[in-house]
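Visitor: Need the 3D shape of this:
(one chain, ligands or ions: 2)
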Amino acid sequence: MSLSDAYQDVSQPVKDFLSRGHHQLWIDGQRTASIKEATIDVCDPSSGETIGSIAAGDAEDVDRAVRAARAAFEGPWSKWSPYERQRLLFRAAELVDLRYDDLAQIESIDMGAPISRVRASKAGALRMIQFFAAMALNIRGEALQSGLPGDVTAMILKAPVGVVGGIIPWNGPLNGQWWILGALLATGCTAVLKPAEDASLSVLWMIELLHGLGLPPGVLNVVTGRGSEAGEALARHPDVDRIAFTGSTATGRRIIHASAVNMKRLQLELGGKSPDIVFADADLDKAVPGAAMGVFANSGQICYAGTRLLVQRGIVEEFTARLGGFLDTLRLGRSLNPETQLGPIASERQFERVVSYIEIGKKEGAHLAYGGAPGRNGPGGGLFVPPTVFTNVHNDMTIAREEIFGPVVAVIPFDTMDEAIAIGNQTEYGLGGAVWSRDISTALSVVKRIHTGVMWVNCYGLIDPLVGFGGTKMSGYGAKGSEAHLDTYLYSKCVYIQG
Ligand code: NAP
Ligand code: MG
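Guide: Numbers count the residues shown, from 1 in each chain. Ligands and ions are numbered 1, 2, ... in the order given. Model (predicted):
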């Protein structure tokens, strides 16, 4: 497939990858055509240009991939020692280090994340792989002298759960996939991955590159396709033991139903409406850019984005003026331009969704203080929404309750700490949140009383895989990161030995 001049500056490996035009499924260690050969266009949201296609895999393709994953799980992969799996993870870290810029370019073209942002995420990807490499040697059971009469020794062994269905969203698959890949390689599970139809390329390429390291066929398979078809088939498949899902709360609920067929273990990382609370004593030089990028980074397409900005009443005016000043400095543009700080919205359907919420905000009487006039530019009509700030928002308005997943923030004033906490907790979600204050006891009181899986103090969005993050309430369950993450890929086997 020949690409337009807009891609002259990408690396040669990226040109070679894109010139394939069509990107097949990856099953049992090789590129494989989907059975029905249906396809889905791959678009660059900066321009609207079609840059290829992926296979629209269906239930039959999922079944083939699950059979390959099962055979690998029962086959040679099960004989790999933790040391060998750790060695593979070390080599994966080297590979990702070496090839990150190519993968970053593909991610930037496919889903519209600014190339500067993706490049800056490299250290985070490497930390994740290093974390999982360490964890490969940290799978510990227990041995104890049991209390039973006679000479009985009891053991708890940890065993890999089996075949995992990994359902990945479009908002950052290059690094996001490593929460699943790392855990699989560390524990000895196998998987079928279903990336989002709007951003599958960085997953397909990563799996292909990992096979170059000698990963046995069938350990990692990728079935691209629509969520309602390939995703649903994976969640329903009776020979999949566990689902790792990141995506919307609505889809999470469907997955719970579909997975009931064989009682799959579930890890659900869902949506959020995270409160970011700024007290009057905060250092505004830090709080303004920190809170701004806490919601507008990746054009707001981050699950834990601080989309409800609670500002103490005395500083609302100053804060919003300074916020506007900061937003004036942000450069919106084509994702591959290294100067770009905010790229396009990843897909047409998401663009329409964001635009509709901006209209709802205006209709419900919130004050549009900044942005709000989405436009299309670029040759084919890129999907751009400027950072948009609504002030005078009440927490019961739609834009303060529902997840928009775009560059839109609701500024909500508060008077006292108790009020801030009450508003912060008035949501069905419980993913992230932050507090900005020079007073550590104020900050800790808020941290303790807000019901979310992760809280930041005087910063936003830092994640260390050693500690990880997670959600509560309707933001899902199952930690990402820390030993608890690995534990969900294992089950306990209790063994009794007499004599
Ligand atoms: P989504 O529609 O729920 O999609 C997520 C994934 O699920 C995609 O691969 C999608 O495939 C697939 N899918 C859709 N319907 C399915 C079904 N019935 N059965 C099985 N799989 C299905 O969410 P999205 O709009 O792509 O992503 C944005 C959402 O993800 C936001 O709500 C955000 O908060 C959440 N998110 C959460 C986290 C976290 O860690 N908590 C991280 C990132 C994103 P298709 O795209 O091909 O339909
Ligand atoms: Mg795309």
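Visitor: Enumerate every residue touching the closest residue to residue 461 other than its chain neighbours.
Guide: Excluding its sequence neighbours, the residue lying closest to residue 461 (Cβ to Cβ, 6 or more residues apart in numbering) is residue 294, at 6.0 Å. Bear in mind the C-beta positions are built from the backbone N, C-alpha and C, glycine included. Shown in contact with residue 294 (Cβ atoms under 8 Å, 6 or more residues apart in numbering): 276, 305-306, 434, 456, 460-461.
Visitor: so can I have JSON lines of these showing distance to ligand 1, secondary structure and neighbour count?
Guide: JSON lines is the format used below for the contacts of residue 294 (distance: Cβ to the nearest ligand atom, whole Å; DSSP: H, G, I helix; E, B strand; the rest coil; neighbours: other Cβ atoms under 10 Å):
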{"residue": "276", "distance to ligand 1": "16", "secondary structure": "strand", "neighbour count": "27"}
{"residue": "305", "distance to ligand 1": "8", "secondary structure": "coil", "neighbour count": "31"}
{"residue": "306", "distance to ligand 1": "13", "secondary structure": "coil", "neighbour count": "30"}
{"residue": "434", "distance to ligand 1": "16", "secondary structure": "strand", "neighbour count": "30"}
{"residue": "456", "distance to ligand 1": "15", "secondary structure": "strand", "neighbour count": "23"}
{"residue": "460", "distance to ligand 1": "15", "secondary structure": "coil", "neighbour count": "24"}
{"residue": "461", "distance to ligand 1": "12", "secondary structure": "coil", "neighbour count": "19"}
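Visitor: Would you mind measuring from the residue nearest to residue 461 to residue 407?
Guide: Distance, residue 294 to residue 407, using Cβ to Cβ, to the nearest Å: 12 Å.
Visitor: Helix, strand, or coil at residue 445?
Guide: With DSSP: H, G, I helix; E, B strand; the rest coil as the basis, residue 445 sits in helix.
Visitor: Pull the number of nearby residues for it.
Guide: Residues near residue 445, counting by other Cβ atoms under 10 Å, number 16.
Visitor: from here on, count from 2
Guide: Sure, I'll start numbering at 2, so the last one becomes residue 446.
Visitor: who's in contact with it?
Guide: Residue 446 is in contact with residue 418, counting by Cβ under 8 Å, 6+ apart.
Visitor: And the closest residue to residue 367 other than its chain neighbours, how far from ligand 1?
Guide: In space, and not counting its chain neighbours, residue 367 is closest to residue 391: 4.0 Å by Cβ to Cβ, 6+ apart. The spacing between residue 391 and ligand 1, counted by Cβ to the nearest ligand atom, to the nearest Å, is 19 Å.
Visitor: for residue 391, what are its contacts?
Guide: Residues in contact with residue 391 (Cβ under 8 Å, 6+ apart) are 362, 367-370, 400, 409-412.
Visitor: Report the separation between it and residue 283.
Guide: In terms of Cβ to Cβ, residue 391 sits 21 Å off from residue 283.
Visitor: do the same with residue 409
Guide: Taking Cβ to Cβ, one finds residue 409 at 22 Å from residue 283.
Visitor: and if you look at residue 256?
Guide: Taking Cβ to Cβ, one finds residue 256 at 39 Å from residue 283.
Visitor: Please apply the same query to residue 207.
Guide: Residue 207 is 40 Å from residue 283, by Cβ to Cβ.
Visitor: can you list the residues of the stretch 202-351 of the chain near ligand 1?
Guide: Within the stretch 202-351 of the chain, the residues that sit near ligand 1 (Cβ under 6 Å from any ligand atom) are 227-229, 232-233, 236, 247-249, 252, 255-256, 270-273, 304.
Visitor: ok, 5 Å please
Guide: Taking Cβ under 5 Å from any ligand atom as the measure of proximity, the stretch 202-351 of the chain contacts ligand 1 at 228, 232-233, 236, 247-249, 252, 255, 270, 272, 304.
Visitor: any chance of those in JSON lines, plus secondary structure, pLDDT and neighbour count?
Guide: Output for these, formatted as JSON lines (DSSP: H, G, I helix; E, B strand; the rest coil; pLDDT from 0 to 100; neighbours: other Cβ atoms under 10 Å):
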{"residue": "228", "secondary structure": "helix", "pLDDT": "98", "neighbour count": "19"}
{"residue": "232", "secondary structure": "helix", "pLDDT": "98", "neighbour count": "28"}
{"residue": "233", "secondary structure": "helix", "pLDDT": "98", "neighbour count": "22"}
{"residue": "236", "secondary structure": "helix", "pLDDT": "98", "neighbour count": "26"}
{"residue": "247", "secondary structure": "strand", "pLDDT": "97", "neighbour count": "25"}
{"residue": "248", "secondary structure": "coil", "pLDDT": "97", "neighbour count": "23"}
{"residue": "249", "secondary structure": "coil", "pLDDT": "96", "neighbour count": "16"}
{"residue": "252", "secondary structure": "helix", "pLDDT": "98", "neighbour count": "21"}
{"residue": "255", "secondary structure": "helix", "pLDDT": "98", "neighbour count": "17"}
{"residue": "270", "secondary structure": "strand", "pLDDT": "96", "neighbour count": "26"}
{"residue": "272", "secondary structure": "coil", "pLDDT": "94", "neighbour count": "23"}
{"residue": "304", "secondary structure": "coil", "pLDDT": "96", "neighbour count": "25"}
